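Novice: this is the structure alone, sequence omitted:
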């Protein structure tokens, strides 16, 4: 009995794969995002509450002697004092509406969209889409997603894939009568690490867009993307 169980387990491991009908293709897509660079502006409601809390605490704060306060203020002053000048929140890319630059919308998350022919596009016309690749012989779906992103940016040294499991899944039905195949899309999240510029190739155009702009570029998937992308 034990030998038969062992043989069965080995056969299952040897034939490991993804279950799908013959007419379906599995596609790995990458949601490549740049995290906020600066702290987002405080919401007016949150700011009003913080102001109220501060004034409320001031009513019951401990009163210290004036001599003690003067000593604490004088402490730490010297020749090494540095005047801090914050960087501007609005960049030249914001002023010029340059969506090909990562130096825009510094307080928002940006997502990479590329323009070109894609899997399942009607009549092979170029459309806006995420970096993607059909699953073939890769060991895992994440490896397939890494290959998809590498084919666009050329190098993964400044990327970080969040987990091994996809963050979302959807099935795209055939758009044309002669197209009988449907596509199962698995979305993986990857983030920009320690760089503000990529050499993006193998596409006609590309943009770095916020979530609101992303939904405008992909209106057919807006409902799905709005649920998948929480922030």
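Specialist: Sure, I can see it. Bear in mind the structure is a predicted one, so any value in this text is a computation, not a measurement.
Novice: can you tell me the SS state at the residue nearest the centre of the chain?
Specialist: Centroid check for the chain by C-alpha atoms, centre = their mean gives residue 33 as the closest residue, at 2.7 Å. Classification of residue 33 using DSSP: H, G, I helix; E, B strand; the rest coil returns strand.
Novice: so what's residue 41 up against?
Specialist: Shown in contact with residue 41 (C-beta atoms under 8 Å, 6 or more residues apart in numbering): residue 107. For the C-beta atoms, the positions are set from N, CA and C on the backbone; glycine is no exception.
Novice: need the pLDDT of it.
Specialist: Residue 41 is assigned 84 on the pLDDT scale.
Novice: distance of it relative to residue 92?
Specialist: Per C-beta to C-beta, to the nearest Å, residue 41 is found 20 Å from residue 92.
Novice: pull up the gap between the residue nearest to the centre of the chain and residue 223, please.
Specialist: In terms of C-beta to C-beta, residue 33 sits 20 Å off from residue 223.
Novice: quick one: terminal-to-terminal distance for stretch 166-182?
Specialist: 19 Å (C-alpha to C-alpha, to the nearest Å).
Novice: from here on, count from 46
Specialist: All set: I'll call the first residue 46, so the last point we hit is now stretch 211-227.
Novice: quick one on the thing from earlier: confidence score at the residue nearest to the centre of the chain?
Specialist: Reading off the model, residue 78 has pLDDT 97.
Novice: show me what it is bridged to.
Specialist: Beta-bridge partners of residue 78, counted by DSSP bridges, are residue 156, residue 236.
Novice: who's in contact with residue 157?
Specialist: 77, 78, 175, 176, 197, 245, 251, 252, 253 are the contacts of residue 157 under C-beta under 8 Å, 6+ apart.
Novice: the closest residue to the third one other than its chain neighbours in helix, strand or coil?
Specialist: Nearest residue to residue 175, sequence neighbours excluded (C-beta to C-beta, 6 or more residues apart in numbering): residue 74, at 4.4 Å. Reducing the assignment to helix, strand or coil with three-state DSSP, the entry for residue 74 is strand.
Novice: which residues of this structure fall in strands?
Specialist: Here the chain has its strands, by DSSP state E, at 69-79, 155-161, 172-174, 177-179, 204-206, 213-217, 227-237, 250-254.
Novice: average pLDDT for the fourth one?
Specialist: Meaning strand 177-179. Here the average pLDDT along strand 177-179 is 94.
Novice: quick one: contacts of that strand?
Specialist: Strand 177-179 is contacted from outside by 70-75, 163-164, 189-190, 192-193, 196, 230, using C-beta under 8 Å, 6+ apart.
Novice: next, format those residues as JSON lines and append distance to residue 241 and pLDDT.
Specialist: Formatted as JSON lines, the contacts of strand 177-179 follow (distance: C-beta to C-beta, whole Å; pLDDT from 0 to 100):
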{"residue": "70", "distance to residue 241": "35", "pLDDT": "86"}
{"residue": "71", "distance to residue 241": "33", "pLDDT": "92"}
{"residue": "72", "distance to residue 241": "29", "pLDDT": "94"}
{"residue": "73", "distance to residue 241": "26", "pLDDT": "95"}
{"residue": "74", "distance to residue 241": "24", "pLDDT": "95"}
{"residue": "75", "distance to residue 241": "19", "pLDDT": "97"}
{"residue": "163", "distance to residue 241": "27", "pLDDT": "85"}
{"residue": "164", "distance to residue 241": "30", "pLDDT": "79"}
{"residue": "189", "distance to residue 241": "27", "pLDDT": "96"}
{"residue": "190", "distance to residue 241": "23", "pLDDT": "96"}
{"residue": "192", "distance to residue 241": "24", "pLDDT": "95"}
{"residue": "193", "distance to residue 241": "22", "pLDDT": "95"}
{"residue": "196", "distance to residue 241": "21", "pLDDT": "94"}
{"residue": "230", "distance to residue 241": "29", "pLDDT": "90"}
